[in-house]
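K.L.:
I would like the atomic coordinates for the input below:
(2 chains)
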2 protein chains.
Amino acid sequence: MRFTSEQRLDDGALEREFTLGGIPGILWTPGSAPEPAPLILVGHPGGLDRMYPRVAARARHSVAEGFAAATIELPGSGDRPRSAAADRARADLRRALEAGEPVDDGIVDRLVLPLVEQAVPEWRAALDALLALPGIGGPVGYSGGVIAIGTRLAAVEPRISAALLYAGSFVPRAIVEQARRVTIPLLVLLQWDDEHNDRQMALDLFDAFGSEEKTLHANMGGHTGVPWFEGDDGNRFFARHLR
Amino acid sequence: MRFTSEQRLDDGALEREFTLGGIPGILWTPGSAPEPAPLILVGHPGGLDRMYPRVAARARHSVAEGFAAATIELPGSGDRPRSAAADRARADLRRALEAGEPVDDGIVDRLVLPLVEQAVPEWRAALDALLALPGIGGPVGYSGGVIAIGTRLAAVEPRISAALLYAGSFVPRAIVEQARRVTIPLLVLLQWDDEHNDRQMALDLFDAFGSEEKTLHANMGGHTGVPWFEGDDGNRFFARHLR
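P.N.:
I've put the predicted structure just below:
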């Protein structure tokens, strides 16, 4: 892990960009912390440059409560090499949606499964590097999308103790099956009128998680309309489980 | 409104039993409050004696945050005169559930509509009396079940500014139609595995509410298994809308 820039933000938090095995990422840490800060991995749909305002706002909201937060670019997004197969699957998905056709399981599998297969080991490698830094401790939370990545991570990575997942419906059946193996506390956010997602499929995925403590927060509005108070609720969820 | 008992609780709150037009009720007020406390009406399924531990715990949790809280007995419950028609409808409902039959709309209407028709004016009369007391101000929130009563109150009583409703599925169609007229902020609690309620009907009712700000919190477990942190979430919901 190599830091490429460092910036002290006006709220005292430290924002550092890094690369790890050629993958760009960002780490935010509290201005001062008496002890190692629990770490929250901040998920996103890919394209860190474009997503920066929303990802950084969420990360800094958590850092203000004493957490460390970090994110990495997804495979095929930003400056990372694109996947021709994923591009084809994405085009097929767009065609199906524009034609008002049901989205074939095969398209979803071709789009999401390779992404999950590649991204999950990258997030785990990032976790190795981040937890080796001074001032960052466990336990670890995962927060955000892509829900298929968050679900797989929650199922296979024992260092992740709690996850706040953003509901999405284009989830391969293989991932829904893995959801049954997830046992950590979950908070799932669902935008009730999400133009990108099917509500029933999101509810079915929530139902599938094996966790004894899982909570769904559904709010009105579209994909990007998550209300501000969910940021506070998310911090309290992680405070309950990461401290 | 006539107070019949008064008790200073160990957390400093004042608990007073009252009767109003022959209906028993309980009022909880903060030990000290610099200004009139916003009032939360605490709903319940009827039978205040039996429900007292849960109702009082919820009320006192709110009073600890500076709210006043009050409840009244429901028609046909506790020592209030029973309704032969409601008893027949309840027996019909129990028979249908035990036989595993679908519950006829007619049974639900016969059970719930007369209860709503009688209870809502009683809660409104209680509101008149409570808001005339020193130390209690507006705005007013409604918190709890019966969701049909809370829905009708939220639709017709302009002094109610926000409502936290406990999802239930035996809701007459007439009430679902009224839900579309509700525009105040709502927080709806749903127990995902509620043995007394149908999940899909509860989700449909949530969908029907006309409010621009409405949030669903779904948690695992049965009817009485609402997790403790929802008490804090409820207080924050009312703090956002009643202060």
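
K.L.:
show me the contacts for residue A:33.
P.N.:
Counting by Cβ atoms under 8 Å, 6 or more residues apart in numbering or on different chains, residue A:33 makes contact with A:66, A:135. All C-beta spots, glycine's among them, are computed from the backbone N, C-alpha and C.

K.L.:
Surely it is in a helix?
P.N.:
No: counting by DSSP: H, G, I helix; E, B strand; the rest coil, residue A:33 is not found in a helix; it is coil.

K.L.:
Flag every residue of chain A that's near chain B.
P.N.:
By Cβ under 8 Å from any Cβ of the partner chain, the residues of chain A that approach chain B are A:192, A:203, A:206-207, A:211-220, A:227, A:229, A:232-233, A:236, A:240.

K.L.:
Tell me the pLDDT of residue A:31.
P.N.:
Among the per-residue scores, residue A:31 shows a pLDDT of 89.

K.L.:
Can you pull up the most central residue in chain A?
P.N.:
residue A:43 (2.2 Å; Cα atoms, centre = their mean).

K.L.:
Could you list which residues are in contact with residue A:31?
P.N.:
Each residue near residue A:31 by Cβ under 8 Å, 6+ apart is listed here: A:8, A:11, A:12, A:13, A:14.

K.L.:
ok, and the most crowded of these?
P.N.:
Neighbour counts for the contacts of residue A:31 peak at residue A:13, which has 20 neighbours (criterion: other Cβ atoms under 10 Å in any protein chain shown).

K.L.:
Without its sequence neighbours, what residue ends up closest to that residue?
P.N.:
Distance criterion Cβ to Cβ, 6 or more residues apart in numbering or on different chains; nearest residue to residue A:13, sequence neighbours excluded, is residue A:63 at 4.6 Å.

K.L.:
and what of residue A:161?
P.N.:
Nearest residue to residue A:161, sequence neighbours excluded (Cβ to Cβ, 6+ apart): residue A:139, at 3.8 Å.

K.L.:
same deal with residue A:174?
P.N.:
Residue A:174 sits nearest to residue A:113 (Cβ to Cβ, 6+ apart), 6.6 Å away.

K.L.:
Let me know the secondary structure of the one you found.
P.N.:
Under the three-state scheme (three-state DSSP), residue A:113 adopts helix.

K.L.:
cool, and residue A:218?
P.N.:
strand.

K.L.:
contacting residues for it?
P.N.:
Contacts for residue A:218 (Cβ under 8 Å, 6+ apart) come out as A:189, A:190, A:191, A:192, B:206, B:215, B:216, B:218.

K.L.:
That one bridge partners, please.
P.N.:
When bridges are called by DSSP bridges, residue A:218 pairs up with residue A:190, residue B:216.

K.L.:
What separation do you get for the residue in chain A sticking out farthest from the centre and residue A:93?
P.N.:
Within chain A, the residue lying farthest from the chain centre (Cα atoms, centre = their mean) is residue A:99, at 29.5 Å. Taking Cβ to Cβ, to the nearest Å as the measure, residue A:99 falls 11 Å from residue A:93.

K.L.:
Identify the contacts common to these two.
P.N.:
Counting by Cβ under 8 Å, 6+ apart, nothing touches both residue A:99 and residue A:93.

K.L.:
Only the buried residues of the lengthiest strand in chain A, if you could.
P.N.:
Ranked by number of residues, the top strand in chain A under DSSP state E is strand A:136-144. The neighbour-count check on strand A:136-144 (16 or more other Cβ atoms under 10 Å in any protein chain shown) flags A:136, A:137, A:140, A:141, A:142, A:143, A:144 as buried.

K.L.:
One more: stretch A:173-191?
P.N.:
A:175-176, A:178-179, A:182, A:184-191.

K.L.:
Which ones among the residues you listed lie within strands?
P.N.:
Short answer: the buried residues of stretch A:173-191 in strands (DSSP E) are A:186, A:187, A:188, A:189, A:190, A:191.

K.L.:
Including distance to residue B:128 and pLDDT, could the residues you listed go into JSON lines?
P.N.:
Listed next are those as JSON lines, based on distance: Cβ to Cβ, whole Å; pLDDT from 0 to 100:
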{"residue": "A:186", "distance to residue B:128": "44", "pLDDT": "98"}
{"residue": "A:187", "distance to residue B:128": "40", "pLDDT": "98"}
{"residue": "A:188", "distance to residue B:128": "42", "pLDDT": "97"}
{"residue": "A:189", "distance to residue B:128": "40", "pLDDT": "96"}
{"residue": "A:190", "distance to residue B:128": "39", "pLDDT": "95"}
{"residue": "A:191", "distance to residue B:128": "39", "pLDDT": "94"}
